[in-house]
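**Q** whatever this is, show me its structure:
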Amino acid sequence: MEMMENSAVGGLLLRLWYVLYGWYEESGLARFLRGVSRVWTRWFHASAVMSLLVREGVLPRAWRDSLICRAMETLLNLPAALLHWIYRKFRPVFDNSVCALLAFGAGEQTPAAIGWLMLAVMVVPYDNWDNRYSLMGFVLMALLFLAGGMRSRALRLDLKSIGPYAVIFAGAVCLAWPVSYSSALSLRFLFFHLTGMLCVAVTVSSVERPGQLKRLAGFASLAMFCTGAYGIVQRIQGVEVNYSYVDPLLNEGMPGRVFSVFENPNAFAEVLVMLIPLAAALVLCSKSVWGRLGALCAAGVGIMALGMTYSRASWIGAVVSAAVFVFLWNRKLIPGLILLGLLALPMLPDTIFNRILTIFNLKDSSTSSRFPLYQAALEMIRERPVRGAGLGTDAVRLAIKDLNLYHGTAPFVHAHNLYLQIWLETGLIGIMSYLAAMISGVKAASKAARLHCSHEVRLITIGAAAAVAGILVDCLADYLWNYPRVMVIFWFVFSVMLSGVKLARRAAAQKGEPGGPRL
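**A** Residues are numbered from 1 along each chain as shown. So this is what the prediction gives:
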């Protein structure tokens, strides 16, 4: 702030801001919005929606002290416990070994290593990326975590913070492989899911301090700035229009859709929906001017690139994400957010505004072509409702082809809906546990946002919860996991949310706050 006041441009902008702010505070518009906010806040605090958000479910509450959770944690942490026993037995040898000390130090910095790994996952161009890199990277993260746990008993896999539903979903995924319509085709996809499982387990278990959580959000924001800036460069250079992504009759004059390093514009847009809220959280919680400026640049670049993807489902997801963010951060601003959104509509570029108008137009070929996909998916679910067709799009596609369930013109690749696809692949237990894990996680984050914890933890938890909520809406019209890299990014953001919940609860428990569960 002092830097801005001492500069000519900054001082002028600040004086202009003070004049506008003073005018606004005394205006009728401000008084009207404050009145609406008071009514809204009183109504909401007494509503059933608020009660649902803050009430913890029976199973998540019982999970932390359950025999099953303790037994699973004990079993999974046996290697770390054995290594810790060896360390204590030969402590002088290890403490005098440079290699051992380096390994221990690296293991205790696992969250930073995860940040660097996710930066690589997000910025390496599609043609240069092999999905095995993600798996190998998180296997390395698990080994680093194990090395750190050899000296520190605090570094142990934490299933309590991950929750029961995510664990059940992981079990459903593993079970979907042997009962698949084609287990050979499903094997490759099992490794993609194992990468996500490792990401969640190691990330949630290794984050122990607010600074580590903030660093993860920082790496995600840096990655978004790099990929978003590259997307903007693509727009400047010109992107060839791909008519498989857009109906030329209803989108006349629309330029090619940018995709940055992700090959597909929808995949790029989904990544942006997940990362923009984390950058917004950093804007609000960073203590330095440069930190806030960097996060603001990342968020701004991400928003501009999101517009250039022309991904309608992701635009809706981003709006939902913004609403959830403001709702959890400061509910009094909800009326102002709605008014700001309405005022922004006339200022949108014509191509974006016309693209918005096609969202509910069933004559749009990219919309109408999905109905045969949905019909085939529902027919397949009726055939195998409990166990599904098997893990991965290849097994599902083969089953639908053999049973002659799809009659559309375009090839059947996937169901174009994450929830239908999960049901197709993992069966009834898979879809139910997945939905429960998402709802339970967002509810826990909503409750954690009300606990007395550090400003950084609260805002980053809110940002991650908003990202998850937004992408869950986006997934109603697309299959998020069609690209395994995007799947890893999704589970990373989910892990950041659970890590924030863990730190918030821990801080509340240390202060004896009723909302902080016993840890």
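**Q** the stretch 301-450 of the chain: helices as residue ranges?
**A** For the stretch 301-450 of the chain, the helices defined by DSSP state H, counting those that start in this stretch cover 312-329, 334-344, 350-357, 365-368, 370-383, 393-402, 418-448.
**Q** buried set for the very next helix or strand once past the longest one?
**A** This points to helix 418-448. Sequence order places helix 455-474 as the next helix or strand after helix 418-448, per DSSP states H and E. Using 16 or more other C-beta atoms under 10 Å as the test for burial, helix 455-474 gives 456-474. Quick note: C-beta positions are derived from backbone N, CA and C, even for glycine.
**Q** which elements pack onto helix 455-474?
**A** Under the contact criterion of 3 or more C-beta pairs under 8 Å, 6 or more residues apart in numbering; DSSP states H and E, helix 455-474 touches helix 210-237, helix 265-285, helix 312-329, helix 418-448, helix 484-510.
**Q** mind checking the SS state of residue 154?
**A** coil (DSSP: H, G, I helix; E, B strand; the rest coil).
**Q** which parts of the stretch 1-150 of the chain are helices?
**A** 2-6, 8-25, 28-45, 48-54, 58-63, 67-76, 78-89, 91-95, 98-108, 110-123, 131-151.
**Q** pick out the shakiest of the ones you listed, pLDDT-wise.
**A** Mean pLDDT per stretch puts helix 2-6 lowest among those, at a mean of 48.
**Q** do you know how far the most far-flung residue of the chain relative to its centre is from residue 463?
**A** Residue farthest from the centre of the chain, counting by C-alpha atoms, centre = their mean, is residue 92 at 43.4 Å. Applying C-beta to C-beta, to the nearest Å, the value for residue 92 to residue 463 is 45 Å.
**Q** and what of residue 85?
**A** Per C-beta to C-beta, residue 85 is found 40 Å from residue 463.
**Q** if we can go back for a sec, just name the most buried of the helices and strands packed on helix 455-474.
**A** Of all the helices and strands packed on helix 455-474, helix 265-285 carries the top mean neighbour count, a mean of 27, counting by mean count of other C-beta atoms under 10 Å.
**Q** give the other helices and strands that that one contacts.
**A** Using 3+ C-beta pairs under 8 Å, 6+ apart: helix 265-285 touches helix 210-237, helix 289-309, helix 312-329, helix 455-474, helix 484-510.
**Q** got the angle between the third one and helix 265-285?
**A** On the basis of axes from the mean of the first three to the mean of the last three C-alpha atoms, to 10 degrees, helix 312-329 is oriented at 20 degrees to helix 265-285.
**Q** next one: the second one
**A** With the same axes, to 10 degrees as the basis, helix 289-309 and helix 265-285 are set at 160 degrees to each other.
**Q** then the first one?
**A** Relative orientation of helix 210-237 and helix 265-285, computed by the same axes, to 10 degrees: 130 degrees.
**Q** compute the inter-axis angle for helix 210-237 and helix 455-474.
**A** Interaxial angle, helix 210-237 versus helix 455-474 (the same axes, to 10 degrees): 50 degrees.
**Q** correct me, but residue 126 touches residue 260?
**A** No. Contact status for residue 126 versus residue 260: not in contact, 9.1 Å apart, counting by C-beta atoms under 8 Å.
**Q** and residue 98, how many residues sit next to it?
**A** Here the number of neighbours of residue 98 (other C-beta atoms under 10 Å) works out to 7.
**Q** quick one: contacts for it?
**A** With C-beta atoms under 8 Å, 6 or more residues apart in numbering as the criterion, no residue contacts residue 98.
**Q** isn't residue 228 up against residue 297?
**A** No. Assessed by C-beta under 8 Å, residue 228 is found out of contact with residue 297, at 9.5 Å.
**Q** in contact with residue 139, which residues?
**A** Residue 139 makes contacts with residue 198, as judged by C-beta under 8 Å, 6+ apart.
**Q** any idea how far residue 501 is from it?
**A** Residue 139 is 26 Å from residue 501, where distance means C-beta to C-beta.
**Q** and residue 389, by the same measure?
**A** Distance from residue 389 to residue 501, counting by C-beta to C-beta: 34 Å.
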